[in-house]
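Undergrad: how does the following fold in three dimensions:
(chains A, B and C)
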Amino acid sequence: MNKKTPLIHITKRTDIPVSRSILIRLAAVIIALLVCGLITTIVTGLNPLEVYASMIKGSFGTKRKVWTLLQNISMLLCIGLALVPAFRMRFWNLGGDGQALMGCLAASACMILLNGKVSNAALIAIESVAAIAAGAVWALIPALFKAKWNTNETLFTLMMNYVATQIVAYFIIVWESPKGSGSIGIINQRTEAGWFPAIGTNKYLLNILIVTALTLIIFVYMKYSKHGYEIAVVGESERTARYIGIKVEKVIIRTMILSGALCGLAGLLLCAGTNHTLTTTIVDGRGFTAVMVAWLAKFDPFVMIITSFLLVFLGRGANEIATSFSLNKAFGDILTGIILFFIIGCEFFINYKINFRKSEGKEAR
Amino acid sequence: MFDIVSFIPRAIAQSIPLLLGSTGEIITEKSGNLNLGTAGVMYVGGMCGVIGAFSYETSGKPMNGLLSVLIPVVCCLLGSLIMGLIYCFLTVTLRANQNVTGLALTTFGVGFGNFFGGSLIKLSGAEVPSIILTNTSNFFRTKLPFADSLGWFGQIFCSYSFLAYAAIIIAIIAGRTLRKTRVGLHLRAVGESPATADAAGINVIRYKYTATCLGSMIAGLGGLYYVMDYANGIWSNDAFGDRGWLAIALVIFTLWNPTTSIFASILFGGLYILYIFIPTGTNLANKELYKMIPYVVTIIVLIITSLRNKRENQPPEGLGLPYFREDR
Amino acid sequence: MEERTPALSMRNITKRFGSKVIANSDVSLDIYPGEILALLGENGSGKTTLMNILAGIYYPDEGEILIGGKPVTIASPKEAFNHGIGMIHQHFKLVDVLTANENIVLGMDKEGMLDLKTSAARIKKICDAYGFEVDPDEKIYDMSVSEKQTVEIVKVLYRGAEILILDEPTAVLTPQESDKLFAVLRNMRNDGKSIILITHKMNEVLSVSDRVAILRAGKYICDRVTSETNAQELTDLMVGHKVSLNIDRPEPVNSKERIRVKGLTVRNIDGVLKLNKVSFSAYSGEILGIAGIAGSGQKELLEGIAGLQPVEAGSITYVNDDGTTEDLIGKDPLEIAALGVSLSFVPEDRLGMGLVENMDLADNMMLRSYRVGKSVFTNRKDPENLAKQVIKELEVNTPGVHTMVRKLSGGNVQKVLVGREIASAPTVLLTAYAVRGLDINSSYTIYDLINQQKKRGVAVIYVGEDLDVLVELCDRILVLCDGHVSGILDGRTADKQTIGMMMTHIKEAADE
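TA: Numbering: from 1, shown residues only, chains lettered A, B, ... in the order given. Here you go, the predicted model:
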């Protein structure tokens, strides 16, 4: 019979100082970066220091790269912010990709179909409304079923991504230009109709400013508004919400419309703001990465700036390495995965305490 | 004209990755672990098999039939086992959020598959233009010898390779084990109520680890089947697509029953390739819309499932929740 | 007394949770074969923790356990079974979707195919030996609470337990069911088994146990032979100072009909009839008690009045002071409030329904009031002040208004909830199991608060489980049996046995 005393004994922490929890997370990120460097070295044979150097070069090497970095951060952050209200409500919206893609589609449709028919200002207004509405509708569909029959939203929103991809694929063939190319090309390249204006000569700045404002708005909305409070109550306990007379179905639908609308906005910014085209991969899986951005930051909009920076930085750094070694770009996903494992795992050390039992003592007989 | 005799074998071939994926996920979920990383696991499973086969094919030695099947299978099982272990370590030992861990696993796994898919040749320094493992694939695709002599019957029932039959056998065994054996009973108890299982003296952590790792390995075989059999040994990035997610959706559709999954997978396999069989003429755009069918059907299935709320049809009660014995 | 070897001894057991909470401190305790030991203590005194250590759920930080005189380590529930220790938990450890038989054989050693025939035969043998009734093929979710408990006990005996631990087994039983359980326990004692009974009900201790051990604040206080002690002594030992066991019952003044319920019929989601033509009235300035076995329709009744439960038929009418009436059927809580009806509800599930455990006190106060005003933003000042006021007036023990509710003890949680609910000066107060899980002092605070509301002229509906309290506190007692009203008694003359009978028998009442 086993009479051994357990060597490790785990207990739940009741409280942990904020500084300590920040330290643990920081340590996790650093260890993860070290592991990433090590793996890169093994794969490429590079000196680890060079690995980090080229990662930094990938993000900060030139002025252009810095702007691209900021643009990527703001796009990722935008979808992340869109997901915050949904996640706070414990609604697992994995459909950020599809909702943003529908936003892109709506914006492109306006740009293509209304080109030359209305003034540029009107076109921008119409395409903005259309994109935001399209994102909202795409999120509304699963929300309705969740509210009415508690249909599993995780897979529903996910499948909506693929449906959106196919719809976009359909329209790309319908609108393809030139015919037979299988792509749309730059929309309204000559007239620039429906393009968001560049501030000065910088086409990214407007997007970045919009997302910055959005960060503040979401922060205030979640923390100080009555809607934000209702979302928090519904997320914590639907029964409590009903008990105090909150109409849970209404909150679910309202919040998902908001979440989808903001994803649609991200799509609009991508399409009308920077890329001026439509492809099935224009959102580039940001809907998933944004889940991580939001979750790692514990849904705090300001912390999300840091987490989205971390993930974008890593992705671009890995890209740089991949390009210079003519390796596949998916290398970034591997590094991102590793970083995520470490950050996810480190939560344990914040919530639990490990006690090592002394090998001698009165238990030992 | 809709060619049913060639449609059914293709639907079945298409269904095998889904069947393996959903069987693996059912076993995993029965232990209370919701592994949203199945897509990633299947990529890693497939890629590891490719790496194994690639090294064996390019080693220059004459190829032995048994070894050229065994090496990829073992590599695939090892790779997906490691994925299962990562998931378990994070969610069971470190009690991390299962949804987020699953998504991270997907990111990692898909990245792993695509990275090596795109860089394997460069990394190994082999002098081949692309990863085409036709030789290995031919061993994998060895059919029953009498299949061709049986006409349409042979084509529909006997024209598959060993992994396809293995998938169906695995599903049947998994179904029986869950229902009829003590291990199955214990596993169900762990998924339904880990505290109860623990109090009854069942090693909850061991069951969760074993079930999840086993589930991952089965799912990983789905990735291997896809590349070695369905895709004739040709790896192309992102070709595996969303089958991992469809496999997870199938779990709900089958109400956590691997035997039902055999038929559900064939149904979905059929939906998946339906667009090829629907005559569209020159209208390529419509074809894109037909490709939507499996997802739309999945959504409809999700809705219908949510309308039924019989007690036995619910997911395991402990699904998605971490277990800590001393929680108070 | 002759010298016997204890079946089980605990020596200097200490168990801590986190750095601050000491659940058990240096506890030593013996139990002998053929003995029923009652473990008595208030909530939070560490009874359950101590027993969970024996059952292998927790591992002690210090101390030693001896079985039959030999030191042992119990690192898991499995090892506890191997040592012949079986525990019946307060929250049953049963898998709902499995059958009784499957639950009983769960975790047993042999691998391979399930042999449910053999086990069913063994279950029958155990049942016959001690007088249980179990249908091995019935699913747990189809069973009543007392049937589930029987399955739990059979499960433990099936594993050959010699030492049985029962954690508050009667909390969910009717007096009749409790008596049946005690009879079985005596059978098992006479068979030489050791039984530890965790409880805080004094009358049970006195009627069934041979010996009483008392815990207070995690420490072992003393033990007494049951036949040589009495309720007052035990209570004083348990609480640590002299307490009065009387509950006030002021005479109702100026009572007027406030809530009139007629023919109320409710079905749950599965279509099962939960309330069947229930009719009664509640008056201002009185406490109407509701007695019944758990799940007899109490929840549906209160939630029906509060506007949280869809109703199939019947009427619920609110009577204003001037005699005008409001119809409450089919209205949600907001619409009821809009009628000017001030209705407060202290639900059974405090942290799952009444409060949000992951929010602080101030935010929880805001649940009722956040809608006030036209602004899109919430007003945080008033709830914060209310929280401060409740903390002061009800003596809530908390570090401050910004502490998460989940960090408070059960008694303090209930004070916060009741404090918020009476702050809106209700005319109707609905309470469900208001003192469940509370220690004696907190319970009396709650009784006082309810009595204060009664004196203010509030119509109080008090759903309770402890019949001793119901007959002392309530002016009238409505007895529910399986969704029917089996009678309404005068609290001053009602006795527990009659109520117990009415809780299980509807025939006479339904036929009238």
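Undergrad: list the contacts of residue C:175.
TA: Residue C:175 sits next to C:467, C:496-497, C:500 when contact means Cβ atoms under 8 Å, 6 or more residues apart in numbering or on different chains. To be clear about C-beta, it is placed using only N, CA and C from the backbone, and glycine gets the same treatment.
Undergrad: among these, which two are most distant?
TA: Using Cβ to Cβ, the contacts of residue C:175 span at most 9.3 Å, a distance reached by C:467 and C:497.
Undergrad: of these two, who's got more company?
TA: residue C:467 (22 against 11; other Cβ atoms under 10 Å in any protein chain shown).
Undergrad: which residue comes closest to that one once chain neighbours are left out?
TA: Once flanking residues are discounted, residue C:467 sits nearest to residue C:496: 4.5 Å by Cβ to Cβ, 6 or more residues apart in numbering or on different chains.
Undergrad: and that neighbour, how many neighbours?
TA: 15.
Undergrad: from chain A, how far off is it?
TA: Per Cβ to the nearest Cβ, to the nearest Å, residue C:496 is found 32 Å from chain A.
Undergrad: okay, now the unreliable bits of the stretch 1-150 of chain C?
TA: Residue ranges of the stretch 1-150 of chain C with pLDDT under 70: C:1-3, C:18-20, C:109-112.
Undergrad: and the chain, what are its domains?
TA: Since no chain was named, I'll use chain A. With domains defined by automatic domain parsing, chain A comprises A:1-46+A:330-365, A:62-324.
Undergrad: try chain C instead
TA: Here the domain parsing of chain C from automatic domain parsing is C:8-239, C:257-342+C:426-511, C:359-424.
Undergrad: write out the residues of chain C neighbouring chain B.
TA: Contacts of chain C with chain B, taken as Cβ under 8 Å from any Cβ of the partner chain, map to C:17, C:55, C:57-58, C:76-78, C:80-81, C:87, C:89, C:93-98, C:102-103, C:105-108, C:110-114, C:139, C:141, C:155, C:269.
Undergrad: please repeat the previous calculation with a cut-off of 6 Å.
TA: With Cβ under 6 Å from any Cβ of the partner chain as the criterion, chain C meets chain B at residues C:58, C:77-78, C:81, C:93, C:95, C:102, C:106-107, C:111, C:113-114, C:141.
Undergrad: show the buried residues in those residues.
TA: C:58, C:77-78, C:81, C:93, C:95, C:102, C:106-107, C:114 (16 or more other Cβ atoms under 10 Å in any protein chain shown).
Undergrad: and the helix or strand bottoming out on mean pLDDT in chain B, what does it pack against?
TA: When each helix and strand of chain B is scored by mean pLDDT, DSSP states H and E, helix B:151-157 comes last, with a mean of 72. Using 3 or more Cβ pairs under 6 Å, 6 or more residues apart in numbering or on different chains; DSSP states H and E, the elements in contact with helix B:151-157 are helix B:4-30.
Undergrad: now the element after the helix it packs on, going C-ward?
TA: helix B:38-58 (DSSP states H and E).
Undergrad: next, the buried residues of that following helix.
TA: Neighbour-count burial for helix B:38-58 flags B:38-54, B:56-58 (criterion: 16+ other Cβ under 10 Å).
Undergrad: now it: mean pLDDT?
TA: For helix B:38-58, the mean pLDDT works out to 92.
Undergrad: what's the angle from that helix to helix B:4-30?
TA: If you take axes from the mean of the first three to the mean of the last three Cα atoms, to 10 degrees, helix B:38-58 sits at 110 degrees to helix B:4-30.
Undergrad: extract the CA atoms of helix B:38-58 and return them as CSV.
TA: C-alpha atoms of helix B:38-58 as CSV (Å, rounded to 0.1, in the frame of the first residue of the first chain):
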residue,chain,number,x,y,z
THR,B,38,-8.4,19.6,-32.7
ALA,B,39,-7.8,21.5,-36.0
GLY,B,40,-4.2,22.1,-34.8
VAL,B,41,-3.8,18.6,-33.6
MET,B,42,-4.8,17.2,-37.0
TYR,B,43,-2.4,19.5,-38.8
VAL,B,44,0.4,18.4,-36.6
GLY,B,45,-0.5,14.8,-37.0
GLY,B,46,-0.5,15.1,-40.7
MET,B,47,2.7,17.1,-40.9
CYS,B,48,4.6,14.7,-38.5
GLY,B,49,3.6,11.8,-40.8
VAL,B,50,4.8,13.8,-43.8
ILE,B,51,8.1,14.5,-42.1
GLY,B,52,8.6,10.9,-41.2
ALA,B,53,7.7,9.7,-44.7
PHE,B,54,9.8,12.5,-46.3
SER,B,55,12.9,11.5,-44.4
TYR,B,56,12.4,7.9,-45.2
GLU,B,57,11.7,8.5,-48.9
THR,B,58,14.7,10.9,-49.3
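Undergrad: from the contact counts, what lies against it?
TA: Counting contacts by 3+ Cβ pairs under 6 Å, 6+ apart, helix B:38-58 packs against helix B:4-30, helix B:65-88, helix B:98-124, helix B:204-225, helix B:243-253.
Undergrad: could you report the pLDDT at residue A:1?
TA: 35.
Undergrad: still on that earlier bit, now the domains of chain A as CSV including mean neighbour count and distance to chain C?
TA: Shown next, in CSV, are these (neighbours: other Cβ atoms under 10 Å in any protein chain shown; distance: least, Cβ to the nearest Cβ, whole Å):
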stretch, mean neighbour count, distance to chain C
domain A:1-46+A:330-365, 16, 4
domain A:62-324, 21, 4
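Undergrad: export the residues of chain C next to chain B to JSON lines and tack on distance to residue A:57 and secondary structure?
TA: Conversion of the residues of chain C next to chain B to JSON lines gives the following (distance: Cβ to Cβ, whole Å; DSSP: H, G, I helix; E, B strand; the rest coil):
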{"residue": "C:58", "distance to residue A:57": "54", "secondary structure": "coil"}
{"residue": "C:77", "distance to residue A:57": "57", "secondary structure": "helix"}
{"residue": "C:78", "distance to residue A:57": "57", "secondary structure": "helix"}
{"residue": "C:81", "distance to residue A:57": "62", "secondary structure": "helix"}
{"residue": "C:93", "distance to residue A:57": "58", "secondary structure": "coil"}
{"residue": "C:95", "distance to residue A:57": "57", "secondary structure": "coil"}
{"residue": "C:102", "distance to residue A:57": "62", "secondary structure": "helix"}
{"residue": "C:106", "distance to residue A:57": "59", "secondary structure": "coil"}
{"residue": "C:107", "distance to residue A:57": "58", "secondary structure": "coil"}
{"residue": "C:111", "distance to residue A:57": "59", "secondary structure": "coil"}
{"residue": "C:113", "distance to residue A:57": "63", "secondary structure": "strand"}
{"residue": "C:114", "distance to residue A:57": "63", "secondary structure": "coil"}
{"residue": "C:141", "distance to residue A:57": "62", "secondary structure": "helix"}
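Undergrad: between those residues, which is nearest residue C:454?
TA: residue C:141 (38.7 Å).
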